[in-house]
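S.K.: Compute the structure for the input listed below.
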Amino acid sequence: MQKNELQDVLLEILSKADGIPTEIIFDRNEILEFSAIDREILLESHLSAYFHPLSQGNSNLVLPNVVEKIGLKCYYENIGKNTLLISAFKELAEACNEANIRIIPLKGLDLLLNVYENIGLRQLSDLDVLIEKSNLENFRNIMSKLGYTEIPMLPRKAVQLIDHPSPYLYVRNGLHVDLHVKINKKKRFDVNIEQLWNRAQQTELEGVPIFRMDKLDFLVHLCIHLHKHFVVFNHKTIHFLDVKLYYLKNDISLEECMERAKSYGCQQEVLEILYLIKTFLQLKNIPNEVFGSLNEMKRKELESNFILSLSFSKIELEKRAVSEPYFRIPQLSKKNQFFYIVYYLFPSFEFVRAVNRTSPSPVLWLYIKRLFSETRNILKPRFKRMGF
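M.R.: Okay, here's the model as predicted:
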């Protein structure tokens with residue numbers, strides 16, 4: 001299959017999918033060729049699970065065996081892993097409820113519970129949860145009692161300096177829980193976490209009390225998270241479907257959504273994501289007038305990057321992406337940016353051992369190896385920008 005043909009297939013899924021397995025019908029009758037690169041791109045899109053229900057419910061669609069096998073494998077793997085993840089979240093929510101800790105499921109987990117009508121269609125990689133920062137130490141104790149291993153995302157001093165929204169990752173038997181205490185690092189905008197918690201609504205999961213974000217806050221969160229990854233070609237295609245389905249199934253007022261985004265200072269990011277969904281995912285109930293502030297050059301750039309993201313594998317996209325060096329933190333002064341680099345490059349031995357917990361190598365060797373690797377990562381974008 002040529003890249004533009006695979007691109008058409010992905011766009012057709014994105015435009016017609018509504019979270020139910022049997023509703024998509026392809027215009028074409030046959031998909032005859034499917035290369036190794038096609039399979040890689042399809043898997044990275046996280047849309048491959050749709051091919052199993054499609055092949056079962058649409059007698060006019062003839063799929064090559066390799067595509068049917070991919071769809072079948074992903075569909076049932078999603079059901080199995082998502083069932084385990086939901087069970088693990090329920091266990092965690094019960095423990096948090098007993099400790100009087102409010103917890104909110106984020107991103108894919110909330111979508112899986114409330115938007116997708118078949119848990120085999122939405123692939124989850126991990127559990128993203130939000131708690132209040134004042135409950136951080138109690139939460140860490142809970143995770144330890146539940147048998148999770150805590151892995152710091154950054155050296156402690158670096159986390160404190162930038163007030164990182166996701167300070168710890170927890171691992172247990174292959175399950176990952178990504179902890180958040182904020183929604184974003186303050187750059188040009190700041191999602192007010194206190195206001196977000198004040199608007200959060202209590203609900204339940206199989207009798208266990210949990211909280212959900214206000215629907216406007218959640219949609220803004222989905223858009224800014226996708227935008228952050230989209231600009232450096234590090235997103236999954238299904239994230240666009242997430243935004244579309246959430247918008248459609250929650251009776252969102254576009255005017256109220258943009259007002260909320262404006263109050264946080266991220267209306268440009270939300271507008272750009274909604275423009276792409278309007279343009280490529282056929283979200284027809286958004287009037288074109290909404291996008292009047294996007295000039296023709298910006299629209300073409302967004303459209304080109306979206307098509308590019310459907311056409312290339314992750315490795316190919318990484319070769320094309322030029323992002324600012326990850327150590328440049330805009331909210332920090334030049335002095336504190338320097339200290340951040342120092343904290344990042346020269347962490348404690350405890351941090352190095354924690355992030356390499358399965359390696360038998362001596363910690364000094366791991367430390368030196370990390371120092372050279374991260375120094376290269378910092379300098380590589382600089383050299384690339386200078387044409388080396």
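S.K.: drop to CA atoms for contacts and neighbour counts, all remaining ones
M.R.: Noted.
S.K.: lowest-pLDDT helix or strand in the chain?
M.R.: Least confident element among the helices and strands of the chain, by mean pLDDT, DSSP states H and E: helix 51-57 (a mean of 58).
S.K.: So which elements touch the following helix or strand past that helix?
M.R.: As assigned by DSSP states H and E, the chain's next helix or strand after helix 51-57 is helix 65-98. Applying 3 or more CA pairs under 8 Å, 6 or more residues apart in numbering; DSSP states H and E, we find helix 65-98 packed against helix 51-57, helix 136-145, strand 208-212.
S.K.: For helix 65-98, buried residues please.
M.R.: Across helix 65-98, burial judged by 16 or more other CA atoms under 10 Å covers 67-68, 70-72, 74-76, 78-79, 81-82, 85-86, 88-90, 92-96.
S.K.: same deal with stretch 365-381?
M.R.: 366-367, 370-371, 378, 381.
S.K.: Among those, which one sits closest to Glu255?
M.R.: Glu255 has its nearest neighbour among the buried residues of stretch 365-381 in Pro381, at 39.2 Å by CA to CA.
S.K.: I'd like to know the predicted local confidence at the closest one, please.
M.R.: pLDDT recorded at Pro381 is 64.
S.K.: Likewise for Lys69?
M.R.: At Lys69, pLDDT is 74.
S.K.: Tyr170 - that's part of a strand, no?
M.R.: Yes - membership of Tyr170 in a strand is supported by DSSP: H, G, I helix; E, B strand; the rest coil.
S.K.: what's the farthest-apart pair in the buried residues of stretch 365-381?
M.R.: Within the buried residues of stretch 365-381, Leu366 and Pro381 form the most distant pair, 23.5 Å apart (CA to CA).
S.K.: Show me the strands in the protein, by range?
M.R.: Ranges of strands within the chain are 103-105, 127-131, 149-152, 168-172, 175-180, 201-205, 208-212, based on DSSP state E.
S.K.: So what's the residue count around Ile277?
M.R.: Applying other CA atoms under 10 Å, we find 20 residues neighbouring Ile277.
S.K.: How much space separates it from Leu254?
M.R.: Separation of Ile277 from Leu254 (CA to CA, to the nearest Å): 13 Å.
S.K.: Tyr344 too?
M.R.: Distance check for Tyr344 against Leu254: by CA to CA, it reads 41 Å.
S.K.: who's more crowded, the two?
M.R.: Between Tyr344 and Leu254, counted using other CA under 10 Å, the more crowded position is Tyr344 (20 against 16).
S.K.: ok, that one touching Arg156?
M.R.: No - applying CA atoms under 8 Å as the test, Tyr344 and Arg156 come out as separate, 9.1 Å apart.
S.K.: okay, and for the chain, where does confidence drop off?
M.R.: 1-4, 21-34, 52-68, 317-331, 381-388 (pLDDT under 70).
S.K.: Show me how it divides into domains.
M.R.: Per the record, the chain has its domains at 3-312, 334-385, by automatic domain parsing.
S.K.: How many residues are close by Glu40?
M.R.: 13.
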